[in-house]
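pasting the sequence and the predicted coordinates here, then a few questions.
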Amino acid sequence: MGREFLEIFTDWSSDYDNFVEGNDPEYKSVFEGYSSILKEIVQRSGKNILEFGIGTGNLTQQLIMAEKWIFPIEPSKEMRKIAKKKLPSGVIIYDGDLQHYPKPTKSVDTIVSSYVFHHLTDKEKETSLKKYADELEEGGKIIFADTMFESQEALEQKIEQAKEKKFYALADDLEREYYSLIPTLLTLFDQAGFNASVQQMNDYVWIVEGVKRI
């Protein structure tokens, strides 16, 4: 992930699970249906998973419960500490991000993340998706859940709505980070060698699933 945002996640680590449970009114809509979003990622995944930006380990925990092998990546030391308390003692959480990470200890058939990919610019997304394609065999998947928008106008509308509600932290996030426009994202997946589709999960979050072509 974009390391420029690491300090934000360090500050957010102790409260993150309260946010995803919908206890903060500013972010309630962003995390609406959070458990269903994680469940959808798990159901679409294969057996051997590379997960980026595991945060406090919520998706990781669900993947392990589904008897999948996980190679978890997280750049925040504070997030790793919280995640370790949730996960089985034998699970190693590796320090890394969306661009720079240790090589998985076995071949993976699925790469997943939740609420992470927007930390990269479109150029960084382009480069990273091509790198991920090299990690996967034909038919391998990328499954990312993230805030994204159908158009620039849709993004700007959400920013204005947040400001009208005095949700200034949310508005700042939407203006600061690199949220994907869906047409652009689908093009990047295609250029990296994936057939991709999207499914909307709430007013902010969509799941993009890419399947590697020959």
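Thanks, I have the structure now.

which stretches of the protein have low pLDDT?
The chain contains residues with pLDDT under 70 at 1-14.

tell me which stretches of it form strands.
Along the chain, the stretches classed as strands by DSSP state E are 48-52, 69-72, 110-114, 141-149, 180-181, 194-200, 205-212.

direction included, what does the fifth one pair against?
The strands that strand 180-181 pairs with in its sheet are strand 141-149 (parallel) (by DSSP bridges).

what angle separates the partner strand from strand 48-52?
Computed by axes from the mean of the first three to the mean of the last three C-alpha atoms, to 10 degrees, the angle separating strand 141-149 from strand 48-52 equals 30 degrees.

quick one: the helices in the protein, in order.
For the chain, the helices defined by DSSP state H cover 6-12, 16-20, 34-44, 58-65, 77-86, 122-135, 152-164, 168-176, 182-191.

other residues contacting the second one?
Translated: helix 16-20. With contacts defined as C-beta atoms under 8 Å, 6 or more residues apart in numbering, helix 16-20 is touched by Phe9, Trp12, Asp24, Tyr27, Phe31, Tyr34, Gly55, Thr56, Asn58, Met79, Ile82. Heads up, the C-betas are built off the backbone N, CA and C, glycines and all.

in that helix, what's buried?
Tyr16, Phe19, Val20 (16 or more other C-beta atoms under 10 Å).

next one: the third one
Buried residues in helix 34-44, counting neighbours by 16+ other C-beta under 10 Å, are found at Tyr34, Ile37, Leu38, Glu40, Ile41, Val42.

related to what we said a few turns ago, among the helices of the chain, which is nearest Gln199?
helix 34-44 (7.7 Å; C-beta to C-beta).

taking the centroid of the chain, which residue is nearest it?
Ser114 (2.8 Å; C-alpha atoms, centre = their mean).

what's the most buried one of the helices of the chain?
The highest average neighbour count among the helices of the chain, using mean count of other C-beta atoms under 10 Å, belongs to helix 58-65 at a mean of 20.

what are the C-alpha coordinates of that one, in CSV please?
Output in CSV follows, covering the C-alpha atoms of helix 58-65 (Å, rounded to 0.1, in the frame of the first residue of the first chain):
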residue,chain,number,x,y,z
ASN,A,58,-10.8,-9.8,10.2
LEU,A,59,-10.7,-11.2,6.7
THR,A,60,-7.7,-13.3,7.6
GLN,A,61,-9.6,-14.9,10.4
GLN,A,62,-12.5,-15.8,8.1
LEU,A,63,-10.2,-17.3,5.5
ILE,A,64,-8.5,-19.5,8.1
MET,A,65,-11.8,-20.6,9.5
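
give the other helices and strands that it contacts.
helix 34-44, strand 48-52, strand 69-72, helix 77-86, strand 110-114 (3 or more C-beta pairs under 8 Å, 6 or more residues apart in numbering; DSSP states H and E).

distance between it and the chain's centre?
14 Å (C-alpha atoms, centre = their mean, to the nearest Å).

can you list contacts of that helix?
17, 20, 34, 38-39, 41-42, 45, 49, 51, 54, 70, 72, 83, 86-88, 91, 112, 114.

can you do 6 Å?
Leu38, Val42, Ile49, Glu51, Ile54, Ile70, Pro72, Lys86, Ser114 (C-beta atoms under 6 Å, 6 or more residues apart in numbering).
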